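have a look; sequence and predicted model below, questions after that.
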Amino acid sequence: MPLPSEVVLLEMEQILRTLCGVGGPSGFESQAVQAAKELLGPLMDEVWTDRLGSLVGVRRCGKPGAKKLLLDAHLDEVGLVVTGMKDGFLRFKANGVDVRMLPDREVAILTDPPMLGVVACLPPHVLSAEEREKAPGIKDLFVDTGLSQEKAGRRIPIGTPMVYRTDFTALGERQRCAKAMDDRACFAALLRTAELLLDRELDVDLYIVGSVCEETGGRGAQVMAQGLGPDFCIAVDVTHGKTPDSPKDGTFVMGGGPVVGIGPNMARWMVRRLLAKAEKLGMPIQKEVMEGSSGTNGWEMQIANEGIATAILSVPLKYMHTSVEVVETGDIEETARLLAAFVEDLGREEATL
């Protein structure tokens, strides 16, 4: 295991900038996985990718018969896939993207090297009054490449993925805005968790996973859980941050601390442990009641193999599945602090819960 003195983790802002700066829509996550692997490697005993492409690192505690804890955050992001072209303009299908956000957006076309595209839109001067009142459907949209049909056909094969192209931006003092904060902000929390635990003795083997294909149904986490066979797992994902126009229920205060999921997708003892550790730390905490599916990888991991004790911990995020996802860095740091407290002495304390 690496010694703490040998590991220098980047500041949180640089971690987020690095992770969000690469394209990795569902099914095309290799660049995001590679960026995450370079950050995770120094903190683990071993790091590898599985057959679906998910990233996993393990820190072994060295104790015989130790139980396994898996912490998961997905690395894929929402995106687009090219399905055809007309006069150099690309037709596409969307995966998780809010179509209302697309007109006049810049996108990165993930060729090698990546290319710039813009989602074409008609100016309001040529729209009828009725057309101005409704959002266009995806069938009415194209990505303008600036290329002729011949050049576009040669450089951009059918099936090429695309993602939002946005800059990493500070929003006020503590909030940060970028694409793909869902869920790379949570993988950043896992990196910080691993760093906080470097000088602490563990009594469980700790697995940190950056899974693929969450936005298309959680297959990456399900395969990983089935293969590793953990005794317990925590899915770390984003939840909806509160804005003036958001509903009162189901949205959470930015800067209000981590959000602990409560419901049938979570083992009660794990929920109690998270809440107790937060109280001991004097940490502000928020609670989210999830009456059915949590909409996270926890849903798939809970029923892997013979069933796995599962918890869900979330970071509030504004403007989910858009090009301007916003998180508060303090929430990420507090999520990591809570996870580290949960992990420490888990093997010894779990038997009493």
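Done, it's in.

quick one: end-to-end length of stretch 204-224, please.
18 Å (C-alpha to C-alpha, to the nearest Å).

buried ones in that stretch?
204-215, 218-224 (16 or more other C-beta atoms under 10 Å). Every residue, glycine included, has its C-beta placed from N, CA and C.

from those, which land in strands?
Of the buried residues of stretch 204-224, the ones assigned to strands by DSSP state E are Val204, Asp205, Leu206, Tyr207, Ile208, Val209, Gly210, Ser211.

which stretches of this protein have low pLDDT?
Per-residue confidence for the chain (pLDDT under 70) gives these ranges: 1-10, 122-135, 349-353.

sorry, back to before: looking at the ones in strands among the buried residues of stretch 204-224, spot the one nearest Leu39.
Gly210 (9.6 Å; C-beta to C-beta).

for that closest one, what are its contacts?
Contact analysis of Gly210 by C-beta atoms under 8 Å, 6 or more residues apart in numbering lists 32-33, 36, 40, 54-56, 72-75, 187, 190.

return the member of those residues nearest to Arg155.
Closest to Arg155, out of all of those and judged by C-beta to C-beta, is Ala32, at 22.7 Å.

wait, doesn't that closest one sit right on Pro25?
No. Contact between Ala32 and Pro25 fails when scored by C-beta atoms under 8 Å: they sit 9.0 Å apart.

overlap in contacts, those two.
Residues touching both Ala32 and Pro25 comprise Asp76, Glu77, with contact defined as C-beta under 8 Å, 6+ apart.

Leu191: neighbour count?
Neighbours of Leu191 under the rule other C-beta atoms under 10 Å: 26.

tell me if Arg200 really is in a strand.
No. Arg200 sits outside any strand when classified using DSSP: H, G, I helix; E, B strand; the rest coil, being coil.

verify the stated contact: it with Leu346.
No. Between Arg200 and Leu346 there is no contact under C-beta under 8 Å: 11.4 Å.

and these two? Which one has more around it.
Taking other C-beta under 10 Å, Arg200 and Leu346 do not tie; Leu346 has more neighbours (20 against 11).

nearest residue to the more buried one in space, please, no chain neighbours.
Computed as C-beta to C-beta, 6 or more residues apart in numbering, the closest residue to Leu346 that is not its neighbour in sequence is Val204, at 5.0 Å.

that neighbour: what's it in contact with?
Cys61, Ala66, Lys67, Lys68, Leu69, Asp231, Val343, Leu346, Gly347.

any idea what it is bridged to?
Taking DSSP bridges as the rule, Val204 bridges to Lys67.

before we move on, back to that, of the contacts of Gly210, which is the most crowded?
Asp72 (33 neighbours).

and the host helix or strand of that residue, what does it pack against?
Element membership for Asp72, per DSSP states H and E: strand 67-74. Packing partners of strand 67-74 (3 or more C-beta pairs under 8 Å, 6 or more residues apart in numbering; DSSP states H and E): helix 181-196, strand 204-211, helix 219-228, strand 232-240, helix 346-350.

closest to Val47 out of those?
Here strand 204-211 is closest among the helices and strands packed on strand 67-74 (C-beta to C-beta), at 8.9 Å.

what's the offset of that closest one from the middle of its chain?
Relative to its chain's centre, strand 204-211 lies at 15 Å (C-alpha atoms, centre = their mean, to the nearest Å).

quick one: the contacts of Val204 as JSON lines, columns for distance to Thr83 too.
Putting the contacts of Val204 into JSON lines (distance: C-beta to C-beta, whole Å) gives the following:
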{"residue": "Cys61", "distance to Thr83": "48"}
{"residue": "Ala66", "distance to Thr83": "48"}
{"residue": "Lys67", "distance to Thr83": "46"}
{"residue": "Lys68", "distance to Thr83": "41"}
{"residue": "Leu69", "distance to Thr83": "41"}
{"residue": "Asp231", "distance to Thr83": "43"}
{"residue": "Val343", "distance to Thr83": "44"}
{"residue": "Leu346", "distance to Thr83": "47"}
{"residue": "Gly347", "distance to Thr83": "50"}
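
between the residues you listed, which is nearest Cys20?
The closest of these, once distances to Cys20 are taken by C-beta to C-beta, is Val343, at 25.6 Å.

identify the spatial nearest neighbour of Phe28, chain neighbours not counted.
Nearest one to Phe28, counting by C-beta to C-beta, 6+ apart, is Pro161 at 4.3 Å.

next, format the contacts of Gly210 as a markdown table and append distance to Thr169.
Shown next, in a markdown table, are these (distance: C-beta to C-beta, whole Å):
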| residue | distance to Thr169 |
| --- | --- |
| Ala32 | 19 |
| Val33 | 25 |
| Ala36 | 21 |
| Leu40 | 25 |
| Ser54 | 29 |
| Leu55 | 26 |
| Val56 | 31 |
| Asp72 | 27 |
| Ala73 | 22 |
| His74 | 23 |
| Leu75 | 21 |
| Phe187 | 20 |
| Leu190 | 23 |
